[in-house]
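J.: next come a sequence and a model predicted from it.
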Amino acid sequence: MAAGCGWRASRGRRRRGRDKAEEDEGGTGTAAVLRGLREARDDLLSSGFWAASAGAVRAPLSGPAAPPSRCVCLGLGRFAACPIARCQLAFLLLLLEELRVPPAQCALFDPAFSARETAALEALGLRLLPENEEGKHGVGGSATLFYMVHCGKALYNNLLWSNWSPAALSKVVIIGNSFRGIEERLLSRILERDYSYIAKVLKGTEEVALPSHPRYLDTFNDTSVHWFPLDKLQQLSPDVWNFVEEPTYQDCEDLEIIRNQDRAAAQS
């Protein structure tokens, strides 16, 4: 693992004119955003939280499945202004180092990203997804880590639908809201009606919670690492895999997702 990988802006990506405009508009430029990320990284390391979390992160790698070669991050939020989102991004960058996933193999999307945040992500060598996929992102045969801390249930459900086969799901690792917690908090009929793919995959899921730490109670509360061993998925009933209807959430009263307007219009 290369020390400090991904934490310095590439000289070839300097955009002094753009940074100056952003300083005038938001009071801080890309350099200040990157500086804040380095401070968040140092805090994660000095607090011991990253070291304690590394065991949960390595858990999916202890089995026969291939380690993730790419990463998709959804719903990160405004990390330039929000300390919680900034810490979550710093954790992601440490995660990429730990798993030896090159920054160029990590794609992010959040409709809330500002121009300054987009510039910072590009400076780190990360990629941006071109559109709002609503979590409907297929692995395409590559083992993929999905980093989705504190995302809405529909995003997880959509992601599962997009990879709804034992072969594809066995290549998926999700760091996000605890599936067990979702099951405990929702009435069974609501879970099965609105988030049927989460409901159906529970028996094929392995889950390890990130450790609790007093400094990060709001940042990573209810966050787990999830993976789907092929042998457990193959034990599920064939009927589980035969139902592949795309989720629409027409009866869902509290949809925690920002819709792709083109897609939403087509479904209405």
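T.: Everything's here; your move. Residues are numbered from 1 along each chain as shown.
J.: low-confidence regions, this structure specifically.
T.: Applying pLDDT under 70 to the chain flags the ranges 1-28, 259, 261-268.
J.: mind listing the strands in it by residue range?
T.: Under the criterion DSSP state E, strands of the chain are mapped to 70-74, 106-109, 127-128, 144-148, 172-177, 206-209, 223-227.
J.: as JSON lines, those with mean neighbour count would be great.
T.: Using the backbone N, CA and C atoms, a C-beta is placed for each residue, glycine as well. Formatted as JSON lines, the strands of the chain follow (neighbours: other C-beta atoms under 10 Å):
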{"stretch": "strand 70-74", "mean neighbour count": "23"}
{"stretch": "strand 106-109", "mean neighbour count": "21"}
{"stretch": "strand 127-128", "mean neighbour count": "16"}
{"stretch": "strand 144-148", "mean neighbour count": "24"}
{"stretch": "strand 172-177", "mean neighbour count": "24"}
{"stretch": "strand 206-209", "mean neighbour count": "16"}
{"stretch": "strand 223-227", "mean neighbour count": "22"}
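J.: what sits against the one residue sitting closest to the centre of the chain?
T.: Centroid-nearest residue in the chain, with C-alpha atoms, centre = their mean: residue 147, separated by 1.9 Å. Going by C-beta atoms under 8 Å, 6 or more residues apart in numbering, residue 147 touches 71, 72, 73, 74, 92, 95, 175, 176.
J.: distance between the ends of stretch 137-157?
T.: With C-alpha to C-alpha, to the nearest Å as the measure, stretch 137-157 spans 11 Å from end to end.
J.: what's the offset of that stretch from the middle of its chain?
T.: 6 Å (C-alpha atoms, centre = their mean, to the nearest Å).
J.: how about stretch 117-130?
T.: Centroid separation for stretch 117-130 versus its chain: 15 Å, with C-alpha atoms, centre = their mean.
J.: mind exporting the C-alpha coordinates of that stretch to CSV?
T.: Extracted C-alpha coordinates of stretch 117-130, given in CSV (Å, rounded to 0.1, in the frame of the first residue of the first chain):
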residue,chain,number,x,y,z
GLU,A,117,-16.4,19.5,-4.5
THR,A,118,-16.3,18.1,-8.0
ALA,A,119,-13.0,19.8,-8.6
ALA,A,120,-11.6,18.3,-5.4
LEU,A,121,-12.7,14.8,-6.4
GLU,A,122,-11.2,15.2,-9.8
ALA,A,123,-7.9,16.4,-8.2
LEU,A,124,-7.9,13.2,-6.2
GLY,A,125,-8.1,11.2,-9.4
LEU,A,126,-11.6,10.0,-8.7
ARG,A,127,-14.3,9.7,-11.4
LEU,A,128,-17.9,11.1,-11.4
LEU,A,129,-20.8,9.1,-12.8
PRO,A,130,-22.4,11.1,-15.6
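J.: now do the buried residues in that stretch.
T.: By 16 or more other C-beta atoms under 10 Å, the buried positions in stretch 117-130 come out as 117, 118, 119, 120, 121, 122, 123, 124, 125, 126, 127.
J.: CSV please, covering these and showing distance to residue 194.
T.: Formatted as CSV, the buried residues of stretch 117-130 follow (distance: C-beta to C-beta, whole Å):
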residue, distance to residue 194
117, 31
118, 32
119, 37
120, 35
121, 32
122, 36
123, 39
124, 36
125, 37
126, 32
127, 31
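J.: thank you, goodbye.
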